[in-house]
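Asks: With the input below, show me the fold.
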Amino acid sequence: MLDTVIRFFQSGGPFMYPILVVLAIGLTITIERYLYLSAAKSRNRKVLAEIMPMLQKGEMSSVIQLTNNSNATVSKILSQGLSNFKSARRRDDIEASMEESIMEAIPRLEKRTHYLAMFANIATLLGLLGTIIGLIKAFTAVAQVDPSMKAEILSTSISVAMNTTAFGLIVAIPLLIFYTLLQTKTTEIIDSLEMATVRFVNHLTKFKNQGQQGNGQ
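Replies: Below is the predicted model of the structure:
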């Protein structure tokens, strides 16, 4: 099987190499983004699992300390909400400040993922370009040989030229799948951040209302 792959690659011509480079870069981005997003999701879940019980008990000092000491994305967002908790007059003010933090976090979560779709298109186009150039060379060569050999040479040349298109598609299809999977994972994290923001603001509002009622009594 290895010999078949090597022969397939060698017979494809020079355009096989840039497609291989595209594949290597795409896989590197995929692995790096997957590890980053998985770590971010894990850290966010851990922080929320610790913070929510504290909020329910009204332990605001512990919540503040935890968000300040954590480097999780959700910690920075909640910390922004806490910093505006006392000065904010309306719930919308707290939500707006936290929404701003989410908008700042989104580019870090989506970083480099969009390149996968671009590399998939590049791989496909390089494959097509290699095939076209190979066909041009094939027809040029056929014009200069004996008529009895034209059919054999042409069929062989076309078969070789098609290898670049096949390899381009072999690279493009997985990259598009990886792109979709990473986009889905990123969307899940963003949705979880927005949900955590709503839950957090609900607890802060409840805590603030209880404090106002206590002062009124």
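Asks: What distance do you get for residue 187 to residue 110?
Replies: 10 Å (C-beta to C-beta, to the nearest Å). Backbone N, C-alpha and C define where each C-beta goes, glycine included.
Asks: Please identify which of these two sits among more neighbours.
Replies: Higher neighbour count among residue 187 and residue 110: residue 110, with 17 against 12, using other C-beta atoms under 10 Å.
Asks: Next, count neighbours for the nearest residue to the more buried one once chain neighbours are set aside.
Replies: Distances taken as C-beta to C-beta, 6 or more residues apart in numbering place residue 186 nearest to residue 110, at 5.7 Å, with adjacent residues excluded. A count of nearby residues for residue 186, using other C-beta under 10 Å, gives 19.
Asks: Which helix or strand contains residue 186?
Replies: Residue 186 belongs to helix 147-216 when assigned by DSSP states H and E.
Asks: can you check residue 85 too?
Replies: Counting by DSSP H and E, residue 85 is found in no helix or strand.
Asks: ok, how many other residues are close to it?
Replies: If we define neighbours as other C-beta under 10 Å, then residue 85 has 19 of them.
Asks: wait, doesn't it sit right on residue 94?
Replies: Yes: assessed by C-beta atoms under 8 Å, residue 85 is found in contact with residue 94 at 6.4 Å.
Asks: okay, and the common contacts of these two?
Replies: residue 204 (C-beta atoms under 8 Å, 6 or more residues apart in numbering).
Asks: residues touching the closest residue in space to residue 200 that isn't next to it in sequence, list them.
Replies: Nearest residue to residue 200, sequence neighbours excluded (C-beta to C-beta, 6+ apart): residue 78, at 5.6 Å. When contacts are counted by C-beta under 8 Å, 6+ apart, residue 78 touches 47, 51, 63, 67, 98, 196-197, 200.
Asks: make it 10 Å
Replies: By C-beta atoms under 10 Å, 6 or more residues apart in numbering, the contact set of residue 78 is 47-48, 51, 55, 63-64, 66-67, 70, 72, 98, 101, 193, 196-197, 200-201, 204.
Asks: again, but for residue 153
Replies: 138, 141-142, 144-146.
Asks: mind checking how far it is from residue 164?
Replies: 18 Å.
Asks: got it, and residue 105?
Replies: Relative to residue 164, and taking C-beta to C-beta, residue 105 is found at 41 Å.
Asks: Neighbour count: the two, which is higher?
Replies: residue 164 (26 against 18).
Asks: tell me the angle of the strand or helix carrying residue 108 relative to helix 147-216?
Replies: Residue 108 belongs to helix 91-110 when elements are defined using DSSP H and E. For helix 91-110 against helix 147-216, the angle by axes from the mean of the first three to the mean of the last three C-alpha atoms, to 10 degrees is 150 degrees.
Asks: Brilliant, that's me finished.
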